[in-house]
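>>> Compute the structure for the input listed below.
(chains A and B)
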2 protein chains.
Amino acid sequence: MRNFSDTLVRKIAELDNPTVLGLDPKLDYIPQFIKDHAESIFPDEPQKSTAKALWLFNKALIDATYDIVPAVKVQFAYYEMYGVEALKSLALTVRYAQKKGMVVIADAKRNDIGATSEAYAKSIIGATELLMDQRTQVYGADAVTVNAYLGIDGVKPFLTNCKEYGRGIFCLVKTSNPSSSDFQELELADGRKVFEAVADKVNEWGMDYIGEEGFSSVGAVVGATFPEEAVALRKRLPHAFILVPGYGAQGAGADEAVASFTEDGKGSIVNASRSLMCAWMKREELKPEDFAKATRAEAIEMRDALKAALINRKYI
Amino acid sequence: MRNFSDTLVRKIAELDNPTVLGLDPKLDYIPQFIKDHAESIFPDEPQKSTAKALWLFNKALIDATYDIVPAVKVQFAYYEMYGVEALKSLALTVRYAQKKGMVVIADAKRNDIGATSEAYAKSIIGATELLMDQRTQVYGADAVTVNAYLGIDGVKPFLTNCKEYGRGIFCLVKTSNPSSSDFQELELADGRKVFEAVADKVNEWGMDYIGEEGFSSVGAVVGATFPEEAVALRKRLPHAFILVPGYGAQGAGADEAVASFTEDGKGSIVNASRSLMCAWMKREELKPEDFAKATRAEAIEMRDALKAALINRKYI
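Numbering: from 1, shown residues only, chains lettered A, B, ... in the order given. Predicted coordinates:
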């Protein structure tokens, strides 16, 4: 069975680009001509036309970037918001991106007690037994984000599915939002902060999942908005593959985004959602019909900015 | 706008029963004759027949209990596991239970940064704008469980939707599983434990959501498996409505389950999923066709056990 982290490390090396394209398709982000087209296909069915618009938008962005961007991150909330039809677009997006050779990270931040976590794990990265002796992979994503507040019994079913299907997880350690300080930065009696205690467990849980490239399929989420913490967390988590949100629209630049990379510039991948999806809104030289070209141009700039930041590390 | 906690308190008083029926319909829990019937309706479509079996099972359990049980808790994982068709059964279950007068708690344990939490809140307790100027309530549940690890910015969009739609949330404070100790029981430098720090924030966040009955629509999840902690948490959270998992199959009895109730026996609601759903498996005097009667009988026993435990409090 392949190891998720090996797949990811090699794909990043192949395209020489540690970027994840975040596909969080709010209707506001989608050009009007796509929405008009989707409405013309399902003129009396707003749920289906909405779902169609999400899919057409995602497909165009994947087509425009799969040869330069190694991975996509689908944010489940933006599909769940638009209803059940939109979840079909989500499943279609996962499969299409994989068909194009991209690694797909399901950003679902799932968590529960063991028996229930197992159901989530089966849904997102594993497989389910249906009636009539049928099996289905509902989403079949390559990896999923997980909230570890319930401890190891809530995480273990994800690990079991990682092993069985060659998948990965990213545990929330230090998130990119301002109020991540509310609980994550509380100081413990032993001197650590809460997020450091989570990191230590993630490190421990990941030991059995280290691949040939030296990274674990049990990864961590560490926001780009806290670069000093990211440098320290890399030392705490020498093997964890790190998913870095917070670049672009959330305020962090390339220097901050690469803070968690290893000394030889590996082991992390930087997500950008709005700044890539909505690139068409700010590039006035392009027509809305060229929205995917705008995303591609922005993705090239992001790749080059990250590479430059990795050469001249500001935080290390 | 109605206040969620008032609705819940009054419904519990009306039926004199602080029980939630957990609807976590794994196929293993569903009698064979229902699965056969569902297969006969969609003979070539395993996803649709599976979804149909879940719905038929849920509907029968609601029909058998709505006059004695005030609320249901739908565990999203068990529907997501069976694919998109099963989510239609979930939405149908929510609406049907509400039509029968039950309060519906969506157990989804959602969490994310603000913009994304907003999408989850819209999906589960609020409403979404679709194309063609249409609005939809995807699930329209009365309340949702929330994981607060990301702090207030991740919780705020849920609060906004609570205010707008008269809904509620239950934040995970102390969960019922053994490894809830991994992080929740870590000791902080100020002497509190992590779950107590979460409780203090939940108390603070809930102050603006207190209803006429004295309880807040910003509630807490506190497992029945930790009764001493539950007694202490009730003092820390004088206004929070508390959702109590862990009764029955997870090991806690009625004495433990009522530990978080106020001195006058209010302010908490106890969930049972497997012990109620699977009651038909252990009542050999009943035929599988009478599975819903078994659940009703078990629910009456549970109600009476909780009421007895509230009269003779073991933990207070």
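
>>> Next up, the contacts around A:Lys11.
A:Pro70, A:Ala71, A:Gly101, A:Met102, A:Val103 (Cβ atoms under 8 Å, 6 or more residues apart in numbering or on different chains). Glycine gets a C-beta too; all of them are placed from N, C-alpha and C.

>>> Can you tell me which of those are classed as buried?
Among these, those classed as buried by 16 or more other Cβ atoms under 10 Å in any protein chain shown are A:Pro70, A:Ala71, A:Met102, A:Val103.

>>> what sits against the third one?
I take that to be A:Met102. A:Lys11, A:Ile62, A:Tyr66, A:Val69, A:Pro70, A:Ala71, A:Val72.

>>> Give me the subset of these lying in strands.
If you go by DSSP state E, those have A:Ala71, A:Val72 in strands.

>>> Out of the contacts of A:Met102, which is nearest to chain B?
Nearest to chain B among the contacts of A:Met102: A:Val72, at 15.9 Å, using Cβ to the nearest Cβ.

>>> Now for that closest one, how many residues are close by?
Here the number of neighbours of A:Val72 (other Cβ atoms under 10 Å in any protein chain shown) works out to 29.

>>> Over to A:Ile169?
A:Ile169: 33 neighbours (other Cβ under 10 Å).

>>> Check A:Phe291 too.
A:Phe291 has 25 neighbouring residues, counting by other Cβ under 10 Å.

>>> I'd like the distance between it and chain B.
Using Cβ to the nearest Cβ, to the nearest Å, A:Phe291 is found at 17 Å from chain B.

>>> in stretch A:308-316, what counts as buried?
Buried residues in stretch A:308-316 (16+ other Cβ under 10 Å): A:Ala309, A:Leu310, A:Tyr315.

>>> What is the nearest of the residues you listed to chain B?
The closest of those, once distances to chain B are taken by Cβ to the nearest Cβ, is A:Tyr315, at 21.6 Å.

>>> Specify the local secondary structure of that closest one.
Under DSSP: H, G, I helix; E, B strand; the rest coil, A:Tyr315 falls in the coil class.

>>> Wait, it touches A:Glu229, no?
No. Counting by Cβ atoms under 8 Å, A:Tyr315 does not reach A:Glu229; the two are 9.9 Å apart.

>>> residues in contact with A:Asp255?
A:Pro227, A:Ala309, A:Arg313, A:Lys314, A:Tyr315.

>>> would you list those in JSON lines and tack on pLDDT and distance to chain B?
Output for these, formatted as JSON lines (pLDDT from 0 to 100; distance: Cβ to the nearest Cβ, whole Å):
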{"residue": "A:Pro227", "pLDDT": "97", "distance to chain B": "18"}
{"residue": "A:Ala309", "pLDDT": "98", "distance to chain B": "23"}
{"residue": "A:Arg313", "pLDDT": "97", "distance to chain B": "26"}
{"residue": "A:Lys314", "pLDDT": "96", "distance to chain B": "24"}
{"residue": "A:Tyr315", "pLDDT": "96", "distance to chain B": "22"}
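
>>> Which helix or strand contains the residue nearest to A:Lys174 when sequence neighbours are not counted?
Distances taken as Cβ to Cβ, 6 or more residues apart in numbering or on different chains place A:Phe195 nearest to A:Lys174, at 4.5 Å, with adjacent residues excluded. Taking DSSP states H and E as the definition, one finds A:Phe195 inside helix A:194-206.

>>> ok, now A:Val218?
Going by DSSP H and E, A:Val218 is in strand A:216-222.

>>> Can you confirm whether that strand lies near chain B?
No. Strand A:216-222 does not reach chain B (Cβ under 8 Å from any Cβ of the partner chain); its nearest approach is 10.4 Å.

>>> these two touch, right, A:Arg135 and A:Glu129?
Yes. Applying Cβ under 8 Å as the test, A:Arg135 and A:Glu129 come out as touching, 5.8 Å apart.

>>> Just want to know which of these two has more residues nearby.
Neighbour tally, A:Arg135 and A:Glu129, criterion other Cβ under 10 Å: the higher count belongs to A:Glu129, 17 against 10.

>>> Report the contact partners of the residue nearest to A:Gln32 when sequence neighbours are not counted.
Nearest residue to A:Gln32, sequence neighbours excluded (Cβ to Cβ, 6+ apart): A:Pro288, at 6.8 Å. Contacts for A:Pro288 (Cβ under 8 Å, 6+ apart) come out as A:Pro31, A:Gln32, A:Phe33, A:Trp280.

>>> how does it look with 10 Å?
A:Ile30, A:Pro31, A:Gln32, A:Phe33, A:Ile34, A:Trp280, A:Met281, A:Ala294 (Cβ atoms under 10 Å, 6 or more residues apart in numbering or on different chains).

>>> Distance of the first one relative to chain B?
According to Cβ to the nearest Cβ, A:Ile30 and chain B sit 10 Å apart.

>>> same question, the last one
Note on A:Ala294: its distance to chain B, by Cβ to the nearest Cβ, is 21 Å.

>>> what pLDDT does the residue nearest to the spatial centre of chain A get?
A centroid search over chain A (Cα atoms, centre = their mean) returns A:Lys73, at 3.5 Å, as the residue closest to the centre. Model confidence at A:Lys73, given as pLDDT, is 98.

>>> Beta-bridge partners for it, please?
On the basis of DSSP bridges, A:Lys73 is bridged to A:Gly22, A:Ile105.

>>> who touches A:Ser176 in this structure?
Contacts of A:Ser176 (Cβ under 10 Å, 6+ apart): A:221-226, A:244-247, A:250-252, A:271, B:113, B:150.

>>> likewise A:Leu27?
Here A:Leu27 is in contact with A:34-35, A:38, A:50, A:53-54, A:57, A:78, A:81-82, B:128-131 (Cβ under 10 Å, 6+ apart).

>>> I figured A:Val103 hits A:Leu8, correct?
Yes. A:Val103 is in contact with A:Leu8 according to Cβ atoms under 10 Å; the separation is 5.3 Å.

>>> between these two, what contacts are shared?
Common neighbours of A:Val103 and A:Leu8, counting by Cβ under 10 Å, 6+ apart, are A:Val20, A:Pro70, A:Ala71, A:Asp142, A:Ala143, A:Gly168, A:Ile269.

>>> Quick one: list the elements packing against whichever strand or helix holds the last one.
Secondary structure from DSSP H and E places A:Ile269 in strand A:268-272. Using 3 or more Cβ pairs under 10 Å, 6 or more residues apart in numbering or on different chains; DSSP states H and E as the contact criterion, the secondary-structure elements in contact with strand A:268-272 are helix A:4-15, strand A:19-23, strand A:71-75, strand A:103-110, strand A:216-222, strand A:240-244, helix A:254-257, helix A:291-311.

>>> count of neighbours near the residue of the stretch 201-316 of chain A found nearest chain B?
Residue nearest to chain B within the stretch 201-316 of chain A: A:Lys201 (6.4 Å; Cβ to the nearest Cβ). The number of residues packed near A:Lys201 is 20, by other Cβ under 10 Å.

>>> what's near enough to touch A:Ala106?
Contacts of A:Ala106 (Cβ under 10 Å, 6+ apart): A:72-76, A:90, A:94, A:123-125, A:139-145, A:167, A:169-170.
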